[in-house]
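A.B. asks: Model the structure of this input:
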Amino acid sequence: MTHEYLDLQTVPHVQGVVRLPGSKSISNRILLLAALSQGQVAIVDLLASDDTAVMLAALRSLGVQWTEEKTATGTIHHVTGVAGVLPNKSADLFMGNAGTAIRPLTAALAVIGGDYTLHGVPRMHERPIGDLVDALNAAGTNVVYTGNPGFPPLHIKQGKITTERLSVRGDVSSQFLTALLMVAPLMAKEHAITIDVVGELISKPYIEITLNLIRRFGVKVEQNGWASFTIQPGQVYQSPGTIHVEGDASSASYFLAAGAIAGGPVRVEGVGKDSIQGDVRFAAALEQMGVQITMGDNWIEARANGPLKAIDADFNHIPDAAMTIAIAALYADGTSTLRNIASWRVKETDRIAAMATELRKVGATVEEGPDYIKVTPPAALTPATIDTYDDHRMAMCFSLASLDGALRKGAAVRINDPKCVNKTFPDYFTAFAKIAQ
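C.D. replies: Residues are numbered from 1 along each chain as shown. The predicted model follows:
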């Protein structure tokens, strides 16, 4: 357990421009697609973080060759695709706490077959993967739990795809469907493969990212709304040549919220109105709270427009960025309710419980339910020591409690274990300090 902490003093005003790191969701999807494709892929602006390091290390263990080139403007990763045939038929893979890495990789290895073990940090062994494994094994793969059934660690053996239809639950994590979609072309060798979604599909914008990238790698996906997806046989992932990673829209939320709370303008660069990430819809939620938002092709800007208005909204489509709204609610003119966020409970930590606990420390009145959280701001924020639960988003969110808003001033906060931001945004606190000067 680390005892490191970071003290943040109150900040009266923020403004400036932040260049976003690459999107985690896009980075890890592109890495796997590049590895599975035919030809060389040049990936520009891949996110440098714990989660992508986990995926890169796993690919190397599987025999996928990649190199990193530093340029004047950033980095380019050159990946040599293996056309769906992995050089190494056995490997022991440590996946950290990277859901975006373990879930698609489990599907790929299960379909390709071999002798693979996948494991991670203790929290990873508490994050569900059963719906994905059930769908794969029903189709003929051979994935075995070596710990608690339904959770990693996993042992993958040789199987044989024997079905033309798979079904997977859509209401626990969209990453299960993402994983199946990404490996469907590997399954659709002789006949079409159809994936049926059981129940309501959550986090649809993340599936839109997946579909967009699969198509960029030359595979056609036929869609029946959000109910089923079909991949015709004989399609192979092809290198798109060079592919750029968008800035991380979830990371953008902290800076846009800062501009919304403490003056602004704050502009983020790397995402804009043409982004393929659903989390850019976070800006629309801020607009509902009265914030002035402007957008270009590759940037979004937020500035305060008087006190924030309380919000009552469904955040199923942007669960990660919605955490930032829970903090913005501290500066609103009444009680805010964030609904349909059950997926928070199976993330890096139980985010509903964690958020409720830490919001109460700064003085908020919080009601938590199985799939909602209600936040009533205090008359004044209370200085507090914030626990981060080894969850990067908790650390980044609570930095915003140091800002002075139109209705109430921020409080000095101590962020415990600030290095947990390395998962997606190692330079977060440096970037935050720059707009807070």
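A.B. asks: Name the nearest residue to residue 11, ignoring sequence neighbours.
C.D. replies: Spatial nearest neighbour of residue 11, chain neighbours left out: residue 436 (4.4 Å); criterion: CB to CB, 6 or more residues apart in numbering. C-beta: built from backbone N, CA, C; applies to glycine.
A.B. asks: Tell me who's in contact with that neighbour.
C.D. replies: Contacts for residue 436 (CB atoms under 8 Å, 6 or more residues apart in numbering) come out as 11, 14, 258, 402-403.
A.B. asks: okay, those in a markdown table with secondary structure, pLDDT and distance to residue 204 next?
C.D. replies: Below are the contacts of residue 436 laid out as a markdown table (DSSP: H, G, I helix; E, B strand; the rest coil; pLDDT from 0 to 100; distance: CB to CB, whole Å):
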| residue | secondary structure | pLDDT | distance to residue 204 |
| --- | --- | --- | --- |
| 11 | strand | 98 | 35 |
| 14 | strand | 98 | 32 |
| 258 | helix | 98 | 27 |
| 402 | helix | 98 | 34 |
| 403 | strand | 98 | 31 |
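A.B. asks: Which one of the residues you listed is nearest to residue 340?
C.D. replies: Using CB to CB, residue 258 comes nearest to residue 340 of these, at 25.6 Å.
A.B. asks: who touches the closest one in this structure?
C.D. replies: Residues counted as contacts of residue 258 (CB under 8 Å, 6+ apart) are 14, 264, 266, 302, 400, 403, 432, 435-436.
A.B. asks: Narrow those to those in strands?
C.D. replies: Using DSSP state E, the subset of the contacts of residue 258 located in strands is 14, 264, 266, 302.
A.B. asks: would you turn the residues you listed into CSV with distance to residue 129 and neighbour count?
C.D. replies: What follows is the ones in strands among the contacts of residue 258, written out as CSV (distance: CB to CB, whole Å; neighbours: other CB atoms under 10 Å):
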residue, distance to residue 129, neighbour count
14, 39, 26
264, 41, 23
266, 37, 26
302, 36, 28
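A.B. asks: how about those in CSV, adding distance to residue 216?
C.D. replies: Below are those laid out as CSV (distance: CB to CB, whole Å):
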residue, distance to residue 216
14, 35
264, 34
266, 30
302, 29
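A.B. asks: Between which two of these is the distance greatest?
C.D. replies: Farthest-apart pair in these is 14 and 302; separation 10.0 Å (CB to CB).
A.B. asks: Need the residues touching each of the two.
C.D. replies: 258-259, 264, 266.
A.B. asks: what stretches of the stretch 1-150 of the chain score poorly on pLDDT?
C.D. replies: For the stretch 1-150 of the chain, the stretches flagged by pLDDT under 70 are 1-3.
A.B. asks: rerun that using 90 as the cut-off
C.D. replies: 1-3, 73-74 (pLDDT under 90).
A.B. asks: Tell me where it has helices.
C.D. replies: 24-36, 50-61, 99-112, 130-138 (DSSP state H, counting those that start in this stretch).
A.B. asks: which stretch among those comes nearest residue 297?
C.D. replies: Once the helices of the stretch 1-150 of the chain are compared by CB to CB, helix 24-36 is nearest, at 16.8 Å.
A.B. asks: Select, from the shared contacts of residue 14 and residue 302, the two members most distant in space.
C.D. replies: Pairwise distances across those (CB to CB) peak at 7.6 Å, for the pair 258 and 264.
A.B. asks: For residue 248, give me its contacts.
C.D. replies: Residue 248 is in contact with 20-25, 47, 270-271, 277, 424-425, counting by CB under 8 Å, 6+ apart.
A.B. asks: try it again with 10 Å
C.D. replies: By CB atoms under 10 Å, 6 or more residues apart in numbering, residue 248 lies in contact with 20-27, 47, 49, 268, 270-271, 277, 279, 320, 424-425.
A.B. asks: ok, back up a step: I'd like the shared contacts of residue 14 and residue 302 as a markdown table, with distance to residue 246 appended.
C.D. replies: Listed next are the shared contacts of residue 14 and residue 302 as a markdown table, based on distance: CB to CB, whole Å:
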| residue | distance to residue 246 |
| --- | --- |
| 258 | 21 |
| 259 | 20 |
| 264 | 22 |
| 266 | 19 |
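A.B. asks: what bits of the stretch 151-300 of the chain have low per-residue confidence?
C.D. replies: Of all residues in the stretch 151-300 of the chain, those with pLDDT under 90 make up the ranges 172-173, 202-203, 274, 278-279.
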